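**Q** quick one: sequence plus predicted model below, questions after.
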Amino acid sequence: MSPAMRHPRRAMALAFALATAAGPAAAQSHDSVASLLARVRAELPARVLPDAKGVTEGTRLVPAGTTVAGDVATHGPLEVRGEVGGHAYALGGDLTVGAGGHVKGDAIAVGGSVQLDGGTVDGEIRQVSTAPLAAADTGVLPAAGRSPFAQALGWLVVLLLIGFGTLVFADRYLDGVVRELERGVPRAFLIGLAGELALAPALGLICVGLVLTLLGILLIPFAVVAFVLAATGLFTLGYLGVASLVGSVLVRGGNRLSARGAALRALLTGLLVLMAFWLVAGLMGFNGMALLVARGIAVAVTWVAATAGFGAAIASRGGALRRRPAAITSARTGGDLSWQTPTPVRGVAAARRATTAAGRERR
């Protein structure tokens, strides 16, 4: 009789221990693969990545003379000496394209390097670092919102919510800013530029004025917070005003909509147009010079819109200033004045009373 048959309890305990030890190891390996794929997804949001279940474990070799249709992904080193019809991924290892090797797609190494040892790669060669992923081995995946596209999309949603709230609770102030922009965008831009340059001196004067009194010293933190909130509110209101103006120019007509509906449509259209530059920049991922140019254009458009809106908000006193239309003013001051009765300067001339013949004889 074998020792295993003599001690069945020991055999069962040993099998259970091996199973429990293999389970966490497999789970940890799966989590590490998922973390590495999430890292690639964060840097390349527009790329379709293979599923974690389709990633092989350990060193993988594509032999010479063989062709693999589609992508090849392995958790470890990858050596290609044959032909790969899609992309080649090496997660946590080096990717080597040897002599006679051909990758028709991209060659991506996460946590390693891509080495061309006589092979060719038709697509791009990327080396993704895993340094920011300090919690990769713990199974904590990085937030997808860290990608540029997700950040731009999140800001778009925030601006849409703020714009909807402004239309509901402060539509008259937004309308005042839009009317000020209609008077002249260059004028509003110059006022906003002067206002931006005066922000720091104005805050300094407020703090100096408060320092002169004992009570004012205690109020300095509250004054700074109030000043920052007021400036942020003016910038936000002005930016929404620019978006409404852009949307009203691009989308005309729609007489079937109410005034509130037309204002909402103009605001949504304008915000989509202004944020489209950031969305396009986010889709480029980390593509070097193209990303730099796209972000530069997005920053320039956003700064011009925010500065012009800030100037319009200042000129309209936060949208509270109501300017009387010129047509109404001219109608009240001009027009036909024949209805007015002129008043004699020397008094009113007395009318001569008619007398009869009898009255003359009495005299």
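**A** Perfect, I can see it now.

**Q** below-threshold pLDDT in the stretch 151-300 of the chain: ranges please.
**A** Applying pLDDT under 70 to the stretch 151-300 of the chain flags residues 253-255, 285-288.

**Q** so which residues of it form helices?
**A** 171-182, 185-211, 214-250, 259-283, 288-315 (DSSP state H, counting those that start in this stretch).

**Q** which of those helices sits most buried?
**A** helix 171-182 (a mean of 21; mean count of other C-beta atoms under 10 Å). No exception for glycine: its C-beta is placed from N, CA and C like everyone else's.

**Q** packing partners of that helix?
**A** Packing contacts for helix 171-182, counted by 3 or more C-beta pairs under 8 Å, 6 or more residues apart in numbering; DSSP states H and E, involve helix 148-169, helix 214-250, helix 259-283, helix 288-315.

**Q** for the ones you listed, which one sits closest to Gly93?
**A** helix 288-315 (24.8 Å; C-beta to C-beta).

**Q** tell me which other helices or strands the closest one touches.
**A** Using 3+ C-beta pairs under 8 Å, 6+ apart, helix 288-315 sits against helix 171-182, helix 185-211, helix 214-250, helix 259-283.

**Q** put together CSV for those, with distance to Met289 on each row.
**A** CSV is the format used below for these (distance: least, C-beta to C-beta, whole Å):
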stretch, distance to Met289
helix 171-182, 34
helix 185-211, 29
helix 214-250, 28
helix 259-283, 12
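
**Q** of those helices, which is nearest Ile162?
**A** That would be helix 214-250 among the helices and strands packed on helix 288-315, by C-beta to C-beta, at 6.5 Å.

**Q** what angle do the closest one and helix 171-182 make?
**A** 70 degrees (axes from the mean of the first three to the mean of the last three C-alpha atoms, to 10 degrees).

**Q** helices and strands around helix 214-250, which ones?
**A** Contacts defined by 3+ C-beta pairs under 8 Å, 6+ apart place helix 214-250 against helix 148-169, helix 171-182, helix 185-211, helix 259-283, helix 288-315.

**Q** JSON lines for the ones you listed, including distance to Pro63?
**A** Listed next are those as JSON lines, based on distance: least, C-beta to C-beta, whole Å:
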{"stretch": "helix 148-169", "distance to Pro63": "39"}
{"stretch": "helix 171-182", "distance to Pro63": "67"}
{"stretch": "helix 185-211", "distance to Pro63": "64"}
{"stretch": "helix 259-283", "distance to Pro63": "37"}
{"stretch": "helix 288-315", "distance to Pro63": "34"}
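
**Q** per-domain residue ranges of the protein.
**A** If you go by automatic domain parsing, the domain ranges for the chain are 28-138, 147-315.

**Q** hmm, back to that, can you tell me which of the helices and strands packed on helix 171-182 is nearest to Glu79?
**A** It's helix 288-315; of those, that one is closest to Glu79 (C-beta to C-beta) at 27.7 Å.

**Q** quick one, that closest one and helix 148-169 angle?
**A** Going by the same axes, to 10 degrees, helix 288-315 makes 20 degrees with helix 148-169.

**Q** before we move on, the earlier item: quick one: closest of the helices of the stretch 151-300 of the chain to Leu321.
**A** helix 171-182 (6.2 Å).

**Q** so who does the nearest residue to Thr67 once chain neighbours are set aside touch?
**A** Nearest non-adjacent residue to Thr67, counting by C-beta to C-beta, 6 or more residues apart in numbering: Glu83, 4.4 Å away. By C-beta atoms under 8 Å, 6 or more residues apart in numbering, the contact set of Glu83 is Val62, Thr66, Thr67, Val68, Gly101, His102, Val103, Lys104.

**Q** of these - the most surrounded one?
**A** Val103 (28 neighbours; other C-beta atoms under 10 Å).
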